[in-house]
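S.K.: please find the sequence and the predicted model below.
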Amino acid sequence: MTKRFFGLAVILLVTLFTPLISSASTITVDGSTSDWAGITALGTDADDVSDDSADIKASYATNDSDNLYLRLDLYGSLNATGHMYFIYLDTDQNTQTGFTYGWWSTGADYRIYIDQWNIGLQKFMGSSQTDDTWGWAGVIYSLKTIPIAYNQGILECAIPRADIGEASFPESNNILFRAWPGDDSIPYFNATPLAYAYKIDIIPFPQELALKGFNLTIDSTWDIRTNTSDTEDLFSAQQLQQELSAKYGLSLSIDSTSSISGTKHIILANPTEDASIQSFLTQRNLYPETSLDEEGYLLETYSDDMIIASSNTSKGLFYGMQTIRQILAKTSTLTIAYGVKIKDWPDSKMRGMHFCGINFTSSSPDYVYDKIDKMAKYKMNMAVFETCYYNLQNDTNTRNKLIELFDYCRQRHIEPVPDMDNWTNGGAVTGKDLNVAEGVWIRDEQFRFVNNVAEPLKSINIAVENPGFETDSNADGMPDGW
């Protein structure tokens, strides 16, 4: 689970692994296709995205002695205000160098970047292959201006070969075209001119993810398997069962993992508590190592109609179930599961929200339960509740509502934390046991003392992608990063 807890990443990728044409051609970068006559498309894609501005139709490449020329065709008009467009280049033909998101077999060394503010060429400057940091001439985020033109749905650019280290351009090159955000799904790429697009919207994004290049069709002949004698694991299975019924109209039974045969199973496995599943996980190479974080999990879909999530704890298995929910999708006629292999664990031990002013005078705070369900989906584990009703806990009705709310949280592996901001609100609680004011215990959290104040060694501040989201420099009432 990465540090980006909010937002939706829906990505359209078209990856092309094919030789460039052997006959060199010089292109005038003007948004016209006339000088591309006779040049065969590297790849094509069907018109299958609702937003045509992010629906890639075809892509082309050619070169002369000085430049690499690239062309991208869209079904709609290029919209740099609502989208970002990228072209990634693996110039050294080495997947072990350069940038990768983990689900494509490319190590990008350079990219073309286009949005409403920036257009140009960048070089990969990340500290690791998954560090999405780019720049030019050693300056992070800077770009080199190159010839780029677009006209309606046609984008052209010319990249000086000397700038990307190509004194002698190879007969083949890895080129990846990307429009974001987008929504598409066509077969996985291979060594032929076959385009590949993928919709991925797992939140938080997994630490390790690989796309396997196939989809599974889920129907009511499938079932869900787990350790039914474990109440927490059974609850995870029931949550998934309810999702499949309510959202996809599928009725799947829940059975035990004590005996597994055949296929068409969604398996939630906790080998620590269920010895019967251990050998099965070993055969599938999905037995979680003991070093995996207690909130971590493994998840894989298999082409023989099997989806397995495994963890050493019920909490980790619950998070694996939440990711299964997010790899499901519905087409016009089918329910599908994307082919993925995932290993995930949290960056931060505490992930949650603060609820202010909860009103217990209504029959029940239903609006809070909806928020708790969303927090559980996104793998948050703490909810701080501020309400003046703590001082009424001796009232049976209020007390029962508090107990119901706290139980609801803990069933979803979310620890409820009372926020008693004054003695009036908290007196009824602290008057019975002052120890409740000590706070939340965090296992194995390391601190140091600075001026007699304990500070965590690991900062609790989490970097976000738009760090200016609270800054309103022009005083228009709308934060700059929104």
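M.R.: Okay, I see it. Numbering: from 1, shown residues only.
S.K.: S259 versus T228, what's the distance?
M.R.: Counting by CB to CB, to the nearest Å, the gap between T228 and S259 amounts to 12 Å. For every residue, glycine as well, the C-beta is placed using N, CA and C.
S.K.: repeat for L234
M.R.: Distance, L234 to S259, using CB to CB: 17 Å.
S.K.: so which of these two has more stuff around it?
M.R.: Neighbours were tallied for L234 and for S259 using other CB atoms under 10 Å; the higher tally belongs to L234 (18 against 8).
S.K.: surely that one is in a strand?
M.R.: No - the assignment for L234 is helix, going by DSSP: H, G, I helix; E, B strand; the rest coil, so no strand is present there.
S.K.: got the contact list for it?
M.R.: Contacts of L234 were listed using CB atoms under 8 Å, 6 or more residues apart in numbering, and they are 226-228, 254.
S.K.: kindly reformat those residues as CSV containing secondary structure, distance to Q242 and pLDDT.
M.R.: Listed next are the contacts of L234 as CSV, based on DSSP: H, G, I helix; E, B strand; the rest coil; distance: CB to CB, whole Å; pLDDT from 0 to 100:
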residue, secondary structure, distance to Q242, pLDDT
T226, strand, 14, 96
N227, coil, 19, 95
T228, coil, 16, 95
I254, strand, 11, 96
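S.K.: and the two most separated of those?
M.R.: By the measure CB to CB, those have their two most distant members at N227 and I254, which lie 10.8 Å apart.
S.K.: can you give me the helices in the stretch 151-300 of the chain?
M.R.: In the stretch 151-300 of the chain, the segments counted as helices under DSSP state H, counting those that start in this stretch are 231-248, 278-283.
S.K.: weakest of the ones you listed in terms of mean pLDDT?
M.R.: Averaged per stretch, pLDDT over the helices of the stretch 151-300 of the chain is lowest on helix 278-283, reaching a mean of 93.
S.K.: and the helices of the stretch 151-300 of the chain as CSV, adding distance to K57?
M.R.: Compiled in CSV, the helices of the stretch 151-300 of the chain are given as follows (distance: least, CB to CB, whole Å):
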stretch, distance to K57
helix 231-248, 31
helix 278-283, 44
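S.K.: neighbour count: N227 and I254, which is higher?
M.R.: In this comparison of N227 against I254, neighbours counted by other CB under 10 Å, the higher total goes to N227 at 24 against 16.
S.K.: need the contact list for the more buried one.
M.R.: N227 sits next to 233-234, 256-257, 269-270, 273-274, 276-277 when contact means CB under 8 Å, 6+ apart.
S.K.: out of those, the closest to G120 would be?
M.R.: Of those, the one sitting nearest to G120 (CB to CB) turns out to be A269, at 48.3 Å.
S.K.: wait, the closest one touches D230, no?
M.R.: No - look at A269 against D230 with CB atoms under 8 Å: they stay out of range, at 11.0 Å.
S.K.: between the two, which has more neighbouring residues?
M.R.: For A269 against D230, the residue with the higher neighbour count under other CB under 10 Å is A269, and the figures read 30 against 17.
S.K.: the more buried one bridge partners, please.
M.R.: Following DSSP bridges, A269 is listed with bridge partners S310.
S.K.: same check on M353?
M.R.: Beta bridges link M353 to A383, judged by DSSP bridges.
S.K.: when you give positions from now on, start the count at 21
M.R.: In the new numbering, first residue 21, that becomes M373.
S.K.: and the gap between it and V404?
M.R.: 7 Å.
S.K.: same question, L288
M.R.: Taking CB to CB, one finds L288 at 29 Å from V404.
S.K.: so between the two, which is more surrounded?
M.R.: In terms of neighbours (other CB under 10 Å), L288 is the more surrounded of L288 and V404; the figures are 30 against 15.
S.K.: dump the residue contacts of the more buried one.
M.R.: Each residue near L288 by CB under 8 Å, 6+ apart is listed here: 244-246, 253, 256-257, 260, 329, 337, 340-341.
S.K.: just these now: which is nearest S147?
M.R.: Of all these, the one with the least separation from S147 (CB to CB) is G340, at 29.0 Å.
S.K.: pretty sure that closest one is in contact with S330, am I right?
M.R.: Yes - in this structure, G340 is within contact of S330 by CB under 8 Å, at 7.1 Å.
S.K.: name the residues contacting each of these two.
M.R.: Once CB under 8 Å, 6+ apart is applied, the residues that G340 and S330 both contact turn out to be 317-319.
S.K.: can you list the residues you listed in a markdown table and add neighbour count?
M.R.: Shown next, in a markdown table, are the shared contacts of G340 and S330 (neighbours: other CB atoms under 10 Å):
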| residue | neighbour count |
| --- | --- |
| Y317 | 32 |
| L318 | 25 |
| L319 | 24 |
